[in-house]
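K.L.:
show me the folded form of this:
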Amino acid sequence: MIVCGTSILFLSTAVAADQPDIQDATRRLIDWKRSFTNLRMVFEVRNAGQWLKRKPEIADAGNIDGYYRRHEWIYTDDGRCRHEVRYFEAGRLVRKRIEGNDGKIEYRSEFYGDSESPSKVGLDRLHPTGYSNLEALPPIDLLYRGRDEWIGDVFARSHPEVIRHETADGKPYVVVRRAADDTMNLLLDVTHDCLPCRDVGTSGNSGAQQWIHEFRQLSNGRWFPARGRRLLSPEDTPYEWVVTEIEVNLTLPEARFAPPQPSPKTRVIDLTR
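P.N.:
This is a model prediction of the structure:
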């Protein structure tokens, strides 16, 4: 089940009957996170405008949709994680990157073309917290801060406050500031587990950088981002992303998190010794 939320750009300040205070919002976000111990997410990211700037000839070829990244991210409460990114150009796989940790070491690897053998593998000691600080992922940028800290944890340890309540199409939203010195406010979607669906500049909507336009209901009844966009700067074109697969509370074998096996030609950088 997918619910659209594109109308959040036209919010009014009328207050709906069901409007949580900051304690309620924090509790709901913490409960949301506690509903799963692991998750697997597959999503695709496209930025047609960026590619057309780099390669204008793509417009004539008519295959701009074939230029994208496909991500698979696996998260667990015990610290293990895996992130695989496949880069496609004109529908052809040109590069792959796999990084993560198996609970003992962190690793990063590079593959070229459709080769199953990595060209480079880097191994390192596990971070003291036990969680790899991997790159930000658009579907959960507003939800996950890395090092196993989710937005409910951020609210619980900081001093957030409700700035105002708003409605759109009869649905309630809450604008929250995470801390007094924060430069961005978060727009929480009350009807979807109070999940953030947009970041809003303190001076108004002109500072918005990320939007979640749709949520998908999971097998456990909770909601998860399904589609949105991310703007890195006003001069750039937005990245469009869509979640194609999402699963929670899976049985995950240890081998799923193992680093890729190098071949005799693989360059191995081992910093664990």
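K.L.:
buried ones in stretch 25-45?
P.N.:
Using 16 or more other CB atoms under 10 Å as the test for burial, stretch 25-45 gives 25-26, 28-29, 32-33, 36, 38-45. For every residue, glycine as well, the C-beta is placed using N, CA and C.
K.L.:
can you give me the end-to-end span of stretch 46-63?
P.N.:
Using CA to CA, to the nearest Å, one end of stretch 46-63 lies 12 Å from the other.
K.L.:
surely Arg28 meets Arg34?
P.N.:
No. The pair Arg28 / Arg34 is not scored as a contact, 10.7 Å apart, by CB atoms under 8 Å.
K.L.:
give me the below-cutoff pLDDT ranges for the stretch 101-250 of the chain.
P.N.:
The stretch 101-250 of the chain contains residues with pLDDT under 70 at 128-136, 201-208.
K.L.:
helices of that one, start to end?
P.N.:
Per DSSP state H, counting those that start in this stretch, the stretch 101-250 of the chain carries helices over the ranges 151-157.
K.L.:
so of the buried residues of stretch 25-45, which ones are in strands?
P.N.:
Judged by DSSP state E, the buried residues of stretch 25-45 include Asn38, Leu39, Arg40, Met41, Val42, Phe43, Glu44, Val45 as members of strands.
K.L.:
from Ile105, how far off is the fifth one?
P.N.:
Counting by CB to CB, to the nearest Å, the gap from Val42 to Ile105 is 25 Å.
K.L.:
now stretch 80-97: buried residues?
P.N.:
Arg80, Cys81, Arg82, His83, Glu84, Val85, Arg86, Phe88, Arg95, Lys96, Arg97.
K.L.:
okay, these in TSV with pLDDT, distance to Leu231 and secondary structure next?
P.N.:
As requested, the buried residues of stretch 80-97 are exported to TSV (pLDDT from 0 to 100; distance: CB to CB, whole Å; DSSP: H, G, I helix; E, B strand; the rest coil):
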residue	pLDDT	distance to Leu231	secondary structure
Arg80	91	32	coil
Cys81	92	27	strand
Arg82	95	28	strand
His83	95	22	strand
Glu84	96	25	strand
Val85	96	20	strand
Arg86	97	24	strand
Phe88	96	22	strand
Arg95	96	25	strand
Lys96	97	27	strand
Arg97	96	24	strand
